[in-house]
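Q: sequence isn't available, so here's the structure alone:
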């Protein structure tokens, strides 16, 4: 008996400590602090955790938010049971896992998915199964051209054209070279956008596709510099963008040419890695708000990560995307009768989502009911490398991607944004 | 089309391929092991150098630490693990070296993660302009180092007792043992030498290409291509082949239809080399 009283006292002390030590309390669910105890709602997710890169930060953040939600009343008393699977960057595995989550586990929604291979492998299956996906980060084109798949991020092409738009409007660029990876539906897709815009607006553009595994960045840079462009835009991951910038600096190009990049090079470590030679010379597009923004929802994201995530979970854009996907899902499910949450009703509720506001987005997010494709996040910001940090330099601006015509037309007709 | 700038651009990396290729050939000649972990040994050293610089240590300490770590790893594998496989055939011994490569990749991933890093030397900022291309002193050092080290190794092989033993081992292992060549000692020396080569190659590639464990580990492939062109025997042919592989990769850049696939150049060169030189290479292996 003695021991259990002591245990209680310690428990109470710890609870008090944790309650007072948190900077800003995470806000989610009904904020009641009452754990949800009803029948769990099954939500699935597929992410590429093991493989060439780790994309699981999105599902880690979504998990943190759902945990927070479950500790605060859940969906009207029902907790979310969040099942995350790793597709190992293998399309076959991705297809098997989708079948497992949707057919066997009877998931009502897929939320926070972030995978390089999943969209191509599973988009048709999700459509047939009648399940909707509120994805975290989509990369290849297939993620933005599917009936039932709606990512929260902007995608590499919209992001690259966001950077291009900034170069045209603010840097007065008249000529550009686009460097993208030789991966179909990623690099070609992005650089094709730049070429298309060049044709429409009448500026000079050139594309160089490179193997991300190539050792020789200097030759790529020499070739890009050969036509003496005003700006060079990169569509490479940060792991390849840094060596390209290093090679460019070696050739003195940072003195003469401005470099810009799609959001794939936006990482807090990049400015200090590339060094002071790039101060004011390397711009990057941001799909979401500044990771360190002190705005309300961004702070709530960080608070949720602190309270419900692991200390080691990265606080990056993927995590912002996963957090947003979970919040959108919460908003949709809250409109339903908790006794009647099925795949059909959940899909209906997500389809109806519009005007979802968060300061992490530039413009309110919507699903786009009846649309054959989804790309609600198409308004982005820019930042520039400045003494080891990213400095946000622009307000939100719509991406000038010509391919977004259908999206813009829909937004207009539906009275959105 | 002006390809001169691309030739200059390929020189630096080509020189490091040459250095790596020679490091591989030295080891193969003395021990019969084709070391797939060569790149990983170097990558580990380069990461140590980056860490040392991060801790504000002087540059020469960082370089020394890098080469020492690469050499130590090579020594440990060569002294402890490689002899366990010494009675097996060439393929088994080569595949065995994949084990330290994988262990090192995992270790680098755990310690340093996959975030992009930059290893810089002061010589990156100094350059000569040739054909409108800046040839940095780091690249010039790479070229000189390659020539210097190949020269030094040639002297070692031709003028010293150890070199004589190595050449004897390369010619006929069993006969050398009967004649009293200290096999374990000689083989360990070869592992130490290859470790020094991997240390320098790793440092240079981390600076010239990128500091990333998996990537640097895989850069052993162009070096193997060079070594095969040298038929795993000739140091000077290997060195020239390494330079050519680097230049070939760079020169393909302005050719639009092939440019996105030019990273495959070393593989294709190696493949062609194996096909053409297959017969002679087999003879070289039989020797062992």
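A: On my side now, so go ahead. Worth saying up front: this structure is predicted, and the values here are computed from it rather than measured.
Q: next, give phi and psi for the residue lying closest to residue A:226 once chain neighbours are set aside.
A: Excluding its sequence neighbours, the residue lying closest to residue A:226 (Cβ to Cβ, 6 or more residues apart in numbering or on different chains) is residue B:254, at 7.7 Å. For the C-beta atoms, the positions are set from N, CA and C on the backbone; glycine is no exception. Backbone torsions of residue B:254, given as degrees, to the nearest 10, read phi -80, psi 0.
Q: residue contacts, residue B:254?
A: A:223, A:226, B:1, B:3, B:6 (Cβ atoms under 8 Å, 6 or more residues apart in numbering or on different chains).
Q: so which of those residues belong to helices?
A: A:223, A:226, B:6 (DSSP state H).
Q: point out where the chain drops to low pLDDT.
A: If you meant another chain, say so; for now it's chain A. A:1-24, A:417 (pLDDT under 70).
Q: oops, wrong one, chain B.
A: In chain B, residues with pLDDT under 70: B:1, B:278-288.
Q: and the stretch 151-300 of chain A, which residues reach chain B?
A: A:182, A:208-211, A:213-220, A:222-223, A:226, A:238-243, A:246, A:250-252, A:267, A:269-270, A:273-275 (Cβ under 8 Å from any Cβ of the partner chain).
Q: if you set the cut-off to 6 Å instead, what comes out?
A: A:182, A:209, A:211, A:213-216, A:218-219, A:222-223, A:238-239, A:242-243, A:250-251, A:269, A:273 (Cβ under 6 Å from any Cβ of the partner chain).
Q: what residue in the stretch 1-150 of chain B comes nearest to chain A?
A: residue B:116 (3.9 Å; Cβ to the nearest Cβ).
Q: could you find the closest non-adjacent residue to that residue?
A: residue A:242 (3.9 Å).
Q: so which bits of chain B are right by chain A?
A: Counting by Cβ under 6 Å from any Cβ, chain B sits next to chain A at B:5-6, B:9, B:13, B:115-116, B:118, B:134, B:136, B:209-210, B:249-250, B:253-254, B:260, B:263.
Q: from those, which would you call buried?
A: B:5-6, B:9, B:13, B:116, B:118, B:134, B:136, B:209-210, B:249-250, B:253-254, B:260, B:263 (16 or more other Cβ atoms under 10 Å in any protein chain shown).
Q: on that earlier part again, assign the residue nearest to residue B:116 to helix, strand or coil.
A: For residue A:242, the assignment made with DSSP: H, G, I helix; E, B strand; the rest coil gives helix.
Q: strands along the chain, start to end?
A: Using chain A here. A:41-47, A:80-86, A:109-111, A:133-135, A:149-151, A:175-181, A:204-210, A:231-234, A:258-261, A:282-286, A:379-386, A:389-392, A:397-398 (DSSP state E).
Q: my bad, chain B
A: B:127-130, B:133-136.
Q: tell me which of the ones you listed is the most buried.
A: strand B:133-136 (a mean of 20; mean count of other Cβ atoms under 10 Å in any protein chain shown).
Q: ok, residue B:198 - contacts?
A: B:23, B:38, B:41-42, B:70 (Cβ atoms under 6 Å, 6 or more residues apart in numbering or on different chains).
Q: check residue B:170 too.
A: With Cβ under 6 Å, 6+ apart, residue B:170 has these contacts: residue B:29.
Q: distance check, it against residue B:26.
A: 10 Å (Cβ to Cβ, to the nearest Å).
Q: also residue B:183?
A: From residue B:183 to residue B:26 the distance is 16 Å (Cβ to Cβ).
Q: neighbour-wise, which of the two wins?
A: Higher neighbour count among residue B:183 and residue B:26: residue B:26, with 28 against 19, using other Cβ atoms under 10 Å in any protein chain shown.
Q: outline the domain layout of chain B.
A: Here the domain parsing of chain B from automatic domain parsing is B:25-121+B:131-217, B:219-288.
Q: what about residue A:129, how many neighbours?
A: 18.
Q: skipping adjacent residues, who's closest to it in space?
A: residue A:102 is the one closest to residue A:129 (Cβ to Cβ, 6+ apart), at 5.0 Å.
Q: pretty sure the one you found contacts residue A:130?
A: No - using Cβ atoms under 6 Å, residue A:102 makes no contact with residue A:130, being 9.3 Å away.
Q: report the closest residue of the stretch 1-150 of chain A relative to chain B.
A: Counting by Cβ to the nearest Cβ, the stretch 1-150 of chain A gets nearest chain B through residue A:53, at 7.1 Å.
Q: report the contact partners of residue A:160.
A: A:190, A:235, A:262.
Q: in contact with the second one, which residues?
A: Remark: with contacts taken as Cβ under 6 Å, 6+ apart, residue A:235 is in contact with A:156, A:160, A:180, A:187, A:190, A:262.
Q: mind doing that once more with 8 Å?
A: A:156, A:160, A:178-181, A:186-187, A:190-191, A:261-262, A:264.
Q: let's have these in TSV, adding distance to residue B:203.
A: As requested, the contacts of residue A:235 are exported to TSV (distance: Cβ to Cβ, whole Å):
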residue	distance to residue B:203
A:156	34
A:160	34
A:178	33
A:179	27
A:180	30
A:181	27
A:186	33
A:187	31
A:190	34
A:191	34
A:261	28
A:262	32
A:264	28
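Q: sorry, back to before: relative to residue A:296, which of the contacts of residue B:198 is nearest.
A: residue B:42 (48.9 Å; Cβ to Cβ).
Q: ok, the closest one touching residue B:216?
A: Yes - at 6.3 Å, residue B:42 counts as touching residue B:216 under the criterion of Cβ atoms under 8 Å.
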